[in-house]
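Chemist: Below are the sequence and a predicted model for it; my questions follow.
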Amino acid sequence: MLSALVVDDEFYIRELFKNSIDWAAIGFGSVMEAGSGSQAIGLARRHSPSLVLLDINLPDGDGFAVARELLRLEPKPEIIIITGYERFEFAKKAISFGVHDYLLKPVSDAELANSINGVLRKIAETRKNRQVFDQLVEDISTLLPLVGAQNVTALYEKIDMVPAGRRAENANEIVQKVTRYVKEHLSDPSLSVESVSHSLYLNMSYLSHIFKKIFGKGLHEYILSLRMERAYDMIFKTDKSLCEIAGELGFQNPVYFSKRLKQYYSLTFQQIREIRKKYAVP
């Protein structure tokens, strides 16, 4: 099922967009909401929304900066910017970022529905292309041994397949195992690319190659991003101290954890807590 994320600092606007579309009827299983850019990025990293309705004017930063971060995710969400800014250079900037559409408030139900339908067509086409590619990979993995190809292992790696002898398991399945392992061992201070590859009996360089190919980021970066997402969630939803959260996420040095948090969100521990006070629903 698809999912959507509505990002606007005005509660009533978020409610308007959530209720003006019959999301379930067009294939969306959930519609999330965020009142700030940092909250939107955190939700997107955790839940990978298919579509984001994004305002430019946000309380903690520029909506374009949020769009840039969202489009670095894998899979990338489709973004529809909905704003009151009519200036041409804003629309041009949005297009250069690769957003799907740029709509001006007040946006009509028909206009919004038309834009979302365009997103749905794009998603359907992407899925169709992925199915064709997966079938091609499966056909190649079956034919190579039959024709006696030399260096089959290298050929498998070039098409992101597991070496000979494990043809039924493709790169996506390996990455799923890796992400599951990482989530289960996130509190382990020794968690690393080397420890993951050793525990799952995978070649480290091959693992790094397929992980970056599929995720668009290295495994080390993924581990850090997952820890930062959990950190934001814990800061926002619990009253645990910085030291407690750092320890539960595998950071042995709370000062280092604090620095990485600031680098990742451009917000300090205390600033995130202040956002919670302002926007969290009791």
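Modeler: In hand now; what should we look at? Numbers count the residues shown, from 1 in each chain.

Chemist: Name the SS class of Gly118, please.
Modeler: Three-state call for Gly118 (DSSP: H, G, I helix; E, B strand; the rest coil): helix.

Chemist: Equivalent analysis for Lys183, please.
Modeler: Reduced to three states with three-state DSSP, the structure at Lys183 is helix.

Chemist: tally of neighbours for it?
Modeler: 11 (other CB atoms under 10 Å). Bear in mind the C-beta positions are built from the backbone N, C-alpha and C, glycine included.

Chemist: Use 586 as the first number from now on
Modeler: Sure thing, new numbering starts at 586, so read that last one as Lys768.

Chemist: contacting residues for it?
Modeler: When contacts are counted by CB atoms under 8 Å, 6 or more residues apart in numbering, Lys768 is found next to Leu811.

Chemist: Tell me the backbone dihedrals of Leu636, please.
Modeler: Per-residue torsions, Leu636: phi -140, psi 140 (degrees, to the nearest 10).

Chemist: I figured it hits Ile666, correct?
Modeler: No: in this structure, Leu636 sits apart from Ile666 without contact. The criterion is CB atoms under 8 Å, and the distance is 12.0 Å.

Chemist: Give me the more crowded residue out of the two.
Modeler: Ile666 (27 against 23).

Chemist: Quick one: classify that one as helix, strand or coil.
Modeler: At Ile666 the chain is in strand, as set by three-state DSSP.

Chemist: Just list what the helix or strand harbouring Glu600 packs against, helices and strands only.
Modeler: Per DSSP states H and E: Glu600 is located in helix 596-605. Applying 3 or more CB pairs under 8 Å, 6 or more residues apart in numbering; DSSP states H and E, we find helix 596-605 packed against strand 587-592, strand 613-619, helix 694-731.

Chemist: mind redoing it with 6 Å?
Modeler: Taking 3 or more CB pairs under 6 Å, 6 or more residues apart in numbering; DSSP states H and E as contact, the helices and strands that helix 596-605 lies on are strand 587-592.

Chemist: Centre of the chain to the strand it packs on, how far?
Modeler: Averaged C-alpha coordinates place strand 587-592 at 12 Å from its chain's average position (CA atoms, centre = their mean, to the nearest Å).

Chemist: CA-only coordinates of that strand in CSV, if you can.
Modeler: Output of strand 587-592 as CSV, limited to C-alpha atoms (Å, rounded to 0.1, in the frame of the first residue of the first chain):
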residue,chain,number,x,y,z
LEU,A,587,1.1,3.6,-0.7
SER,A,588,1.5,6.2,2.1
ALA,A,589,1.4,10.0,2.1
LEU,A,590,2.9,12.7,4.3
VAL,A,591,1.3,16.1,4.7
VAL,A,592,3.7,18.8,5.8
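
Chemist: tell me the angle of it relative to helix 596-605?
Modeler: Here strand 587-592 runs at 160 degrees with respect to helix 596-605, directions being taken by axes from the mean of the first three to the mean of the last three CA atoms, to 10 degrees.

Chemist: what's the pLDDT at Gln848?
Modeler: Per-residue pLDDT puts Gln848 at 88.

Chemist: Quick check: buried residues in whichever strand or helix holds it?
Modeler: Mapping Gln848 onto the secondary structure by DSSP H and E places it in helix 839-850. Neighbour-count burial for helix 839-850, with 16 or more other CB atoms under 10 Å as criterion, is recorded at Pro839, Phe842, Ser843, Arg845, Leu846, Tyr849, Tyr850.

Chemist: and if you look at stretch 789-801?
Modeler: Applying a neighbour-count criterion of 16+ other CB under 10 Å, the buried positions in stretch 789-801 are Tyr791, Leu792, Ser793, His794, Ile795, Phe796, Ile799, Phe800.

Chemist: nearest residue to the fifth one other than its sequence neighbours?
Modeler: On the basis of CB to CB, 6 or more residues apart in numbering, the spatially nearest residue to Ile795 that is not a chain neighbour turns out to be Ala756, at 4.3 Å.

Chemist: Measure how buried the one you found is and give me the count.
Modeler: Considering only other CB under 10 Å, Ala756 is surrounded by 21 other residues.
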